[in-house]
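> what's the 3D shape of this:
(one chain, ligands or ions: 1)
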Amino acid sequence: MVGRGNKPTALAATPGLAPQPTVTFSDDNSKVTAVLPTGESVEVLLYGATVISWKDDQGDEKLWLSEGAKLDGSKAVRGGIPLVFPVFGTAPDHAQTGKLPQHGFARTSRWEFLGKSTSESAEGKEAADLSVKLDFGLSTGSVDEKTKELWAYAFNLIYSVTLNRTSLTTALVVTNDDDKPFECQVLLHTYFKIKDITAVEVTGLEGASYIDKVDNASVKTESSANLTITGETDRVYTPTGGPQAPVTIKENGKTRYSVVRDNLNDVVVWNPWIEKAKSMGDFAPKEGYKNMICVEAGSVRGWQTLEPGDAFEGAQTITLG
Ligand SMILES: O=P(O)(O)OC[C@H]1O[C@@H](O)[C@H](O)[C@@H](O)[C@@H]1O
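Here you go, the predicted model:
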């Protein structure tokens, strides 16, 4: 692992060897960017370890980022992949996390860049086979005092973002460093960029039980094999096929994104639609709800209990269609 720490650095190609991914820091040390020799790229803000951009080799952006998103650390980022931990939404009746703000503190804490690693496929050192993994860390010692008052547990988070030519994997490991158990929820809140929400279908949810957050949290069963979005949608699904069965986002009948989960049983589908988009100060343009859909892999319907020393790992791999 190289590139440890937060100093500006550029780790580029080595003469005589196959071109390597380039990892750079922004001038103000707020962001890490990795670019594969074939042109694919990912950008991660240290604030929240929020992935704010993922582009293919043509430079086409895959994640929706609000034009009104705050990227200066003053507010959770509206777009990209905010990281939700240790509570999904708010849980006023949950003793341990009841005081925390919506979606917890991981998305509003400054993370440390731990380093990068690269790997090649078994076939050899062709640039086409390269991937780059960026690791980020957040632990008790690095969160602010206010957070420690609201959630008094010793913990360690490692978040890994792996860029391949046609996929992005984001993986979170939560470790309980305390001498008492704690309960937590985890969610990878991905905002997918799409061209037209009216042409979108989400598959892989048929038969799944879901909590409909726009209908008094009533519990329903998804009857559609191809879910379309026609109004405000905020649902917490538990797909029947388990994490490895893909949930796909299709546009005009073609698969754009396919999400496979590891150890994350739930999938939130969210689109604010017209009125809710208008009510969010950082959601811009207001018509932007037509160009995004959140399909969020998580463990949020219950709680993960971590005993002292135990770890929980959850991940998603998003593959381009
Ligand atoms: O505005 P926030 O805190 O980023 O949350 C956005 C949405 O996130 C989703 O995960 C929730 O299900 C929604 O209820 C919520 O509105």
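> if I read this right, Arg235 contacts Asp215, doesn't it?
No - assessed by C-beta atoms under 8 Å, Arg235 is found out of contact with Asp215, at 9.2 Å. C-beta here means a position set from N, CA and C on the backbone, and glycine is covered the same way.
> Show the backbone phi and psi for the residue of the stretch 51-200 of the chain found nearest the ligand.
Closest approach between the stretch 51-200 of the chain and the ligand, counting by C-beta to the nearest ligand atom: Gln102, at 4.4 Å. Torsion angles at Gln102 (phi, psi; degrees, to the nearest 10) stand at phi -50, psi 130.
> What sits closest to it if chain neighbours are left out?
Excluding its sequence neighbours, the residue lying closest to Gln102 (C-beta to C-beta, 6 or more residues apart in numbering) is Thr90, at 5.3 Å.
> ok, now which ones touch that neighbour?
Going by C-beta atoms under 8 Å, 6 or more residues apart in numbering, Thr90 touches 98, 100-102.
> how near is it to Val143?
Separation of Thr90 from Val143 (C-beta to C-beta, to the nearest Å) stands at 18 Å.
> re earlier: Arg235 and Asp215: which is more packed in?
Using other C-beta atoms under 10 Å as the criterion, Arg235 and Asp215 rank with Arg235 on top: 19 against 11.
> Is the helix or strand where the more buried one lies positioned near the ligand?
Arg235 belongs to strand 233-238 when assigned by DSSP states H and E. Yes - Strand 233-238 lies within reach of the ligand by C-beta under 6 Å from any ligand atom, at Asp234.
> hey, what's Asp135 bridged with?
Counting by DSSP bridges, Asp135 forms beta bridges with Gly115, Ser160.
> Number of residues surrounding it?
22.
> Isn't it up against Thr162?
No - the pair Asp135 and Thr162 fails to qualify as a contact (C-beta under 8 Å) at a distance of 9.6 Å.
> Ramachandran coordinates for Ile274?
Per-residue torsions, Ile274: phi -70, psi -60 (degrees, to the nearest 10).
> That one: how many residues sit nearby?
13.
> so Lys250 touches Glu201, yeah?
Yes - contact between Lys250 and Glu201 holds when scored by C-beta under 8 Å: they sit 4.6 Å apart.
> and for the two, which residues touch both?
Counting by C-beta under 8 Å, 6+ apart, the residues touching both Lys250 and Glu201 are Asn226.
> check contacts around Arg110.
By C-beta under 8 Å, 6+ apart, the contact list for Arg110 reads 46-47, 73, 142.
> Got the confidence number for it?
On the pLDDT scale, Arg110 is placed at 98.
> who's in contact with the closest residue to Glu287 other than its chain neighbours?
Closest residue in space to Glu287, ignoring its immediate chain neighbours: Ala277 at 7.9 Å, by C-beta to C-beta, 6+ apart. If you count contacts by C-beta under 8 Å, 6+ apart, Ala277 has them with 283, 286-289.
> Try it again at 6 Å.
283, 286, 289 (C-beta atoms under 6 Å, 6 or more residues apart in numbering).
> Max pairwise distance over the contacts of Arg110: which two?
Gly73 and Ser142 (13.8 Å; C-beta to C-beta).
> Filter the contacts of Arg110 down to the buried ones.
46-47 (16 or more other C-beta atoms under 10 Å).
> Between the contacts of Arg110, which sits nearest Leu65?
Tyr47 (13.5 Å).
> Is that closest one bridged to anything, and to what?
Under the criterion used (DSSP bridges), Tyr47 bridges to Arg110.
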